[in-house]
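S.K.: Need the 3D shape of this:
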Amino acid sequence: MKLITFDDGRVGRLELEERLVLPLEVRSTREYFERDGKVLETGERLLLDDVKLRAPIMPKKFFHTSGNFREHEDESKNVDWSHPMHKGIVFFQNVDAIVGPDEPVIYPEHLTSELDYELEIAVVIGKPGKFFGVDDAPDHIAGYVVFNDITARDIQRREMASGVFSFCKAIDTFCPVGPYIVTADEIPDPQNLDMELRVNGVVRQKSNTNRMSVSIPHLVAYHSPQGYSAGDLITTGTIQGVAGFSGDPDMYLKPGDVVEAEVERLGVLRTPIVSWQEGHGTPVPEKVDW
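M.R.: Numbering: from 1, shown residues only. The predicted model follows:
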C-alpha cells in the first residue's frame, strides 16, 4: 500500500497506476499506524492530479543515523574535519522542519553558503516498543519513505569541532519527506534498493541499500532503547556523492535548483530550492550569532 497525506491533512491510499486517491477515515497517517491500519475508506475516488500531496507523516520522534554507508564515511576523509564520521552517530531531527513533495527548501543565505543534499531512506515504525532485538525488529517496521537530509555544511563543520551536530540539519524546511509511505509488505527486500539523487537532472548520488554497514533490522533494534511510538521515523544514513566532500564548491545547492531524490519502489521526492526572498517575501534577516 502507498499512503499519502494530501490537501488539508487528509489521509488516503494511492493507486499510482490508476492515478487515483482513495481517502481513508482517519485523521493522520500517524493515527493510521496507531490503529494498526484498521481504518475504513470513505468511498470517495479522487484524481491524483486534483489533490496536493503533503509530507506523508508528521512523526512524534524522528531518529537520525549517520555514517551507516561506509562509502560516505570514506568520502568524509576527503575533508579535514575535527572528528571522524563513524557508524553509530545518532541524534534527533526537528520534526517542525519537515516539508513534503514539491514543497521548497528555503535557502537561509544569512546562515549558510554551503547547502548540501543527502539521499536517505526513513523507516516508519508501526508497532510501539523498546529494548528489543534484531530478530524482533521486523515486527515493528510498518513501511519506508524517501528522505532528503538537507545540511548546512559550514555550520556542520563548526559543530563537529565539539563532536556533535544537529543545528545544521534542523533549520526550517531542511527535512523533505515523501512522496508517500510504502508499506513493508510491498518491499520484500529493503536491503536491495537502488538509490539515486539528481540536481537539475544531473546524477550526484548513486548506490544501493545493500551497501549499508548496519542492516535496517539491526538499526531499528539499536535505536529501540529510546522507545518507539507508532509513526516514528528512523533514517538509515546517506550514500556517497555529497557536495561537501567532493572538493567542488559549485556542487552546493543554490536557489533555482531542483533536487530529485529517488529510491527504487519508494518513488521520487522532488524539492525546489528557493531564496529567502522568494520563500518568505521579505528581505534576508540579520544573522543572530554568539
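S.K.: From here on, just use CA atoms for contacts and neighbour counts.
M.R.: Will do.
S.K.: Okay, helices next: where are they in the stretch 1-150 of the chain?
M.R.: Taking DSSP state H, counting those that start in this stretch, the helices of the stretch 1-150 of the chain run over residues 29-34, 70-75.
S.K.: among those helices, which gets the worst mean confidence?
M.R.: Note on the helices of the stretch 1-150 of the chain: helix 70-75 shows the lowest mean pLDDT, a mean of 66.
S.K.: Could you check how far Ala221 is from Ala230?
M.R.: 15 Å (Cα to Cα, to the nearest Å).
S.K.: ok, the two, which is more surrounded?
M.R.: Between Ala221 and Ala230, counting by other Cα atoms under 10 Å, Ala230 is the more crowded of the two (25 against 20).
S.K.: Would you agree the more buried one is in contact with Val123?
M.R.: No. Distance between Ala230 and Val123: 11.5 Å, which falls outside the contact criterion (Cα atoms under 8 Å).
S.K.: Glu159 looks like it's in a helix, true?
M.R.: Yes. Applying DSSP: H, G, I helix; E, B strand; the rest coil, one finds Glu159 inside a helix.
S.K.: Just list the residues touching it, thanks.
M.R.: Counting by Cα atoms under 8 Å, 6 or more residues apart in numbering, Glu159 makes contact with 165-166, 168.
S.K.: and the most far-flung residue of the chain relative to its centre, what does it touch?
M.R.: Within the chain, the residue lying farthest from the chain centre (Cα atoms, centre = their mean) is Gly43, at 31.1 Å. Residues near Gly43 by Cα under 8 Å, 6+ apart: 22-23.
S.K.: Let the chain start at 48 from now.
M.R.: With 48 as the first residue, the last one maps to Gly90.
S.K.: Distance check, it against Gly56.
M.R.: Taken as Cα to Cα, the span from Gly90 to Gly56 is 18 Å.
S.K.: what bits of the stretch 98-247 of the chain have low per-residue confidence?
M.R.: Low-confidence regions of the stretch 98-247 of the chain, defined by pLDDT under 70, span residues 118-135.
S.K.: and if we set it to 80?
M.R.: For the stretch 98-247 of the chain, applying pLDDT under 80 flags the ranges 117-136, 209-211.
S.K.: Skipping its backbone neighbours, what lies nearest Val306 in space?
M.R.: Excluding its sequence neighbours, the residue lying closest to Val306 (Cα to Cα, 6 or more residues apart in numbering) is Val246, at 4.6 Å.
S.K.: Who wins on neighbours among the contacts of Glu206?
M.R.: Cys215 leads the contacts of Glu206 on contacts (other Cα under 10 Å) with 20 neighbours.
S.K.: Helix, strand or coil: sort out that residue for me.
M.R.: Using three-state DSSP, the structure places Cys215 in helix.
S.K.: Also Asp297?
M.R.: Of the three states, Asp297 takes helix according to three-state DSSP.
S.K.: do you know how far it is from Leu162?
M.R.: Applying Cα to Cα, the value for Asp297 to Leu162 is 11 Å.
S.K.: more crowded one of those two?
M.R.: Comparing Asp297 with Leu162 by neighbour count (other Cα under 10 Å), the higher total belongs to Leu162, at 25 against 10.
S.K.: burial count for the residue lying closest to the more buried one once chain neighbours are set aside?
M.R.: Closest residue to Leu162 apart from its sequence neighbours, by Cα to Cα, 6+ apart: Ala199 at 4.8 Å. Ala199 has 26 neighbouring residues, counting by other Cα under 10 Å.
S.K.: Wait, Lys85 touches Tyr79, no?
M.R.: Yes. Judged on Cα under 8 Å, Lys85 makes contact with Tyr79 at a distance of 7.3 Å.
S.K.: who's more crowded, those two?
M.R.: Tyr79 (20 against 10).
S.K.: show me what contacts the more buried one?
M.R.: By Cα under 8 Å, 6+ apart, the residues touching Tyr79 are 73, 85-86.
S.K.: what about 10 Å?
M.R.: Tyr79 is in contact with 50, 58, 71-73, 85-86, 173, 277-278, counting by Cα atoms under 10 Å, 6 or more residues apart in numbering.
S.K.: related to what we said a few turns ago, give the residues shared as contacts by Lys85 and Tyr79.
M.R.: Shared contacts of Lys85 and Tyr79, counting by Cα under 10 Å, 6+ apart, come down to 72-73.
S.K.: Quickly note the distance from the nearest residue to Glu150 once chain neighbours are set aside to Thr159.
M.R.: Distance criterion Cα to Cα, 6+ apart; nearest residue to Glu150, sequence neighbours excluded, is Thr318 at 6.1 Å. Taking Cα to Cα as the measure, Thr318 falls 18 Å from Thr159.
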